[in-house]
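Enquirer: Model the following, please.
(chains A and B)
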Amino acid sequence: MSAAATIPSVGRPRRLGKALPGALWALLLLTPAFVSLASVSFYPIVNGLYLSLTNTSLITQEQDFTGFSNYVELWGDPQFWNAWWHTIWFTTASTVLETVIGLGMALILCEAFKGRGLVRAAMLVPWAMPTVVTSKMFGWLFDGQHGIINYLLLHAGLIDQNINWYGSTDTAMITIIIADVWKTTPFMALLLLTGLQTVPNSLIEAARMDGAKGWITFWYIRLPLLMPTLLIAGLFRALDAFRVFDLVYVLTGGGPADSTETLSTLSYKVLFSTLQFGYGSAVSTAMFVTEGVIALVFCLYLVRQIRRAQ
Amino acid sequence: MNDTRSPLQTFAIYLGALLILVWSGGPFIWQFSTSFQLDKALTSGSPSLIPHPFTLEHYYNAFVEKQLHRYVWNSLVVSLATTFLCLFVGSLAAFALSRLNIKGRFGILMVILSVSMFPQIALVGPLYLVATNLGLLDTYTALIITYLALGLPLVTWVLFGYFETLPREIDEAARMDGVSAPGLLWRIILPMSLPSLVTTGLLAFITAWNEFLFALAFTSNIDRQTIPVGIANFTNLYYVPWGDIAAASAVVTVPLILLVLFFQRHIIEGLTQGGVKE
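Expert: This next block holds a predicted model:
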């Protein structure tokens, strides 16, 4: 570094020739990313908003501006509200289950035991597997006739006869929730584990010295410190669960009798089966708005929680 | 902490660990075993984990009748192209945000990250119209362009987090030697970031390999359809060929699982840095 003082005089003429000012470089380097995101994410959202105000259909080739008529129709469409409630129910149930079970798993992984590395590695398997494969796999596990789940439950004496899991309107949504919880809980647990590991051990040791039982240290020390992580992970999971498509589309296609229809599968059908791009865009825009509201409510709650903690 | 545990607590921890292991590995092990069993054995009413008799029939069906290798090829082309593009574009953006003084860089990062939260079903309709107009339906290009944008937020975010951990002194030293901004990225920062590039590349690859919605909408022909679309369409006229599906699942999942297990440490670290640690 002692040579540094002499460098400016030498470096200056060299730099003039080949270097652009920093700000220009920054702009240049960010451009590809901006172009990509603008054309594949922002443009479609704006265009979808416009399409939802038209009667665009690929069958009739019409494309006239119709104002809010699609939204008026949407408001009175029982199929839309059916899908809306299913999506909310699916999102709530799977997010809560995944967070609670994930926390349980994380607490176990926090302890030292033999084979912990193996368990942690195995937990990445459900996450890495393509969702379509998961869907087909649960189709086979929960098959109404020869599925292994029915076999095990029957032999354990928990049920009297085979359950037609995803073939019956009563249990189809439950089966999809189970599949989603299976796939995403282990990863949730790994995220929460990194949060738990930042809780200083000295705090827990100190509490133990004072005679605090395991679950008291959990309730009064670990959980409050973990809360921000828990809420952020829960938010991301909820937003992801809200968009559920692959699992439903492949396992039940929204059936039986629309009992598992979600907003994504409904939009897809309106778009690509009936080719009503105007109305389909209204469905997906309504979905986007709902998702935005969920994110907003979650964020407000998060900010309040963090403020209160300080 | 170990010595303060009672035998009961130790038992509970091992039981919990065993349950997690069965939860994570069990279903796929059963799927794997299914792929080697005859249909007759699968529907006999007394399932067995050990294939008996052992058969490769389902693998034969998957490759010869259903042409699985053609889907695998399409997926490989699309996923590898996506991976390299994502790393290229993502590292440029992450470098600019981390190393060149940009006003409001956290705002920009937040916008990039929030893009990944857009519901994809809201994008697929308008993009389908664009692809139709440009003649891009049934092409690799349409899928690669879309997947680049899907993978970019996470790749940029993770690479940004990694670049931030590299000491600023190297920038200073490079600047004094007259190295320009791209030189700094290409010759100094990127070679130092190899572990992170491998992880983020793997994440981008998995995103593209597993994507279903856009592939379903944009391709209608086995020449361009990717694995998820192929497997979703794996049905016979009168019954569901569970054995064939299991074989195809094993073929497309086992390599992925091996990759992930090999890089597991980096994946967990990469994904959790920044986002949750704060």
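Enquirer: What residues does the closest residue to chain B within the stretch 1-150 of chain A make contact with?
Expert: Using Cβ to the nearest Cβ, A:V40 is the residue of the stretch 1-150 of chain A that sits closest to chain B, at 3.4 Å. Every C-beta, even on glycine, is put in place using the N, C-alpha and C of the backbone. The neighbourhood of A:V40, defined by Cβ atoms under 8 Å, 6 or more residues apart in numbering or on different chains, consists of B:123, B:127, B:145-146, B:148-150.
Enquirer: Just to check, B:A94 is in contact with B:F160?
Expert: Yes: the criterion here is Cβ atoms under 8 Å, and B:A94 meets it with B:F160 at 4.2 Å.
Enquirer: Let me know the next secondary structure element after the longest helix along chain B.
Expert: Using DSSP state H to define each element, chain B has its longest helix at helix B:68-99. Proceeding N to C from helix B:68-99, the next assigned helix or strand is helix B:105-115, under DSSP states H and E.
Enquirer: got the angle for that next one vs helix B:68-99?
Expert: 160 degrees (axes from the mean of the first three to the mean of the last three Cα atoms, to 10 degrees).
Enquirer: circling back: now narrow the contacts of A:V40 to whatever sits close to chain A.
Expert: Contacts with chain A are made by B:123, B:127, B:145-146, B:148-150 out of those, judged by Cβ under 8 Å from any Cβ of the partner chain.
Enquirer: what's the neighbour count on A:W85?
Expert: 12 (other Cβ atoms under 10 Å in any protein chain shown).
Enquirer: One more: A:I177?
Expert: Neighbours of A:I177 using other Cβ under 10 Å come to 22.
Enquirer: Please tell me how far it sits from A:H86.
Expert: 11 Å (Cβ to Cβ, to the nearest Å).
Enquirer: any idea which helix or strand carries A:A33?
Expert: helix A:22-37.
Enquirer: So B:H52 belongs to a helix, correct?
Expert: No: counting by DSSP: H, G, I helix; E, B strand; the rest coil, B:H52 falls outside a helix, being coil.
Enquirer: Pull the distance from stretch A:111-127 to the chain's centre.
Expert: 22 Å (Cα atoms, centre = their mean, to the nearest Å).
Enquirer: quick one: contacts of it?
Expert: Under Cβ under 8 Å, 6+ apart, the answer for stretch A:111-127 is A:105, A:109, A:134, A:182-187, A:189-190, B:1-2, B:10, B:13-14, B:17, B:20-21, B:24-25, B:27-28, B:257, B:260-261, B:264, B:267-268.
Enquirer: try 7 Å
Expert: Applying Cβ atoms under 7 Å, 6 or more residues apart in numbering or on different chains, the contact partners of stretch A:111-127 are A:109, A:182-183, A:186-187, A:189-190, B:2, B:13-14, B:17, B:20-21, B:24-25, B:28, B:257, B:260-261, B:264, B:267.
Enquirer: mind listing what's buried in the longest helix of chain B?
Expert: Neighbour counts over helix B:68-99 (16 or more other Cβ atoms under 10 Å in any protein chain shown) mark B:68, B:70-72, B:74-75, B:78-83, B:85-87, B:89-99 as buried.
Enquirer: and the stretch 101-250 of chain B, which residues reach chain A?
Expert: Taking Cβ under 7 Å from any Cβ of the partner chain as the criterion, the stretch 101-250 of chain B approaches chain A at residues B:101-102, B:112, B:115, B:117-123, B:125-127, B:145-146, B:148-149, B:152, B:156, B:176, B:178, B:180-181, B:206, B:209-210, B:212-213, B:217, B:227-228, B:231-232, B:242, B:245-246, B:249.
Enquirer: what about the residue minimising distance to the centre of chain A, helix or strand, and which?
Expert: When Cα atoms, centre = their mean is applied to chain A, the residue found nearest the centroid is A:D240 (1.8 Å). Using DSSP H and E, the element containing A:D240 is helix A:223-242.
Enquirer: Figure out how far that helix is from the centre of its chain.
Expert: On Cα atoms, centre = their mean, the centre of helix A:223-242 falls 10 Å from that of its chain.
Enquirer: next helix or strand past it?
Expert: Per DSSP H and E, the helix or strand that comes after helix A:223-242 is helix A:246-251.
Enquirer: Alpha carbons only: can I get that following helix in PDB?
Expert: Extracted in PDB, the C-alpha atoms of helix A:246-251 (Å, rounded to 0.1, in the frame of the first residue of the first chain):
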ATOM      1  CA  ASP A 246     -49.300 -27.500 -10.200                       C
ATOM      2  CA  LEU A 247     -50.500 -29.600  -7.300                       C
ATOM      3  CA  VAL A 248     -54.200 -29.000  -7.900                       C
ATOM      4  CA  TYR A 249     -54.100 -29.100 -11.700                       C
ATOM      5  CA  VAL A 250     -52.200 -32.400 -11.800                       C
ATOM      6  CA  LEU A 251     -53.900 -34.200  -8.800                       C
END
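Enquirer: contact partners of that helix?
Expert: By Cβ under 7 Å, 6+ apart, helix A:246-251 touches A:131-132, A:134-136, A:138-139, A:166, A:176, A:179-180, A:254, A:260, A:262, A:265, A:268, B:212, B:232.
Enquirer: ok, now stretch A:184-202?
Expert: Residues outside stretch A:184-202 that contact it (Cβ under 7 Å, 6+ apart): A:98-99, A:101-103, A:105-106, A:109-110, A:123, A:126-127, A:222, A:225-226, A:229-230, A:233, A:237, B:24, B:268, B:272, B:276-277.
Enquirer: In helices only, show me these.
Expert: A:98-99, A:101-103, A:105-106, A:109-110, A:126-127, A:225-226, A:229-230, A:233, A:237, B:24, B:268, B:272.
Enquirer: other SSEs contacting the host helix or strand of B:A248?
Expert: Assigned by DSSP H and E, B:A248 belongs to helix B:242-262. Here helix B:242-262 touches helix A:124-128, helix A:131-141, helix B:7-34, helix B:39-42, helix B:57-60, helix B:68-99, helix B:194-210, helix B:227-232, going by 3 or more Cβ pairs under 7 Å, 6 or more residues apart in numbering or on different chains; DSSP states H and E.
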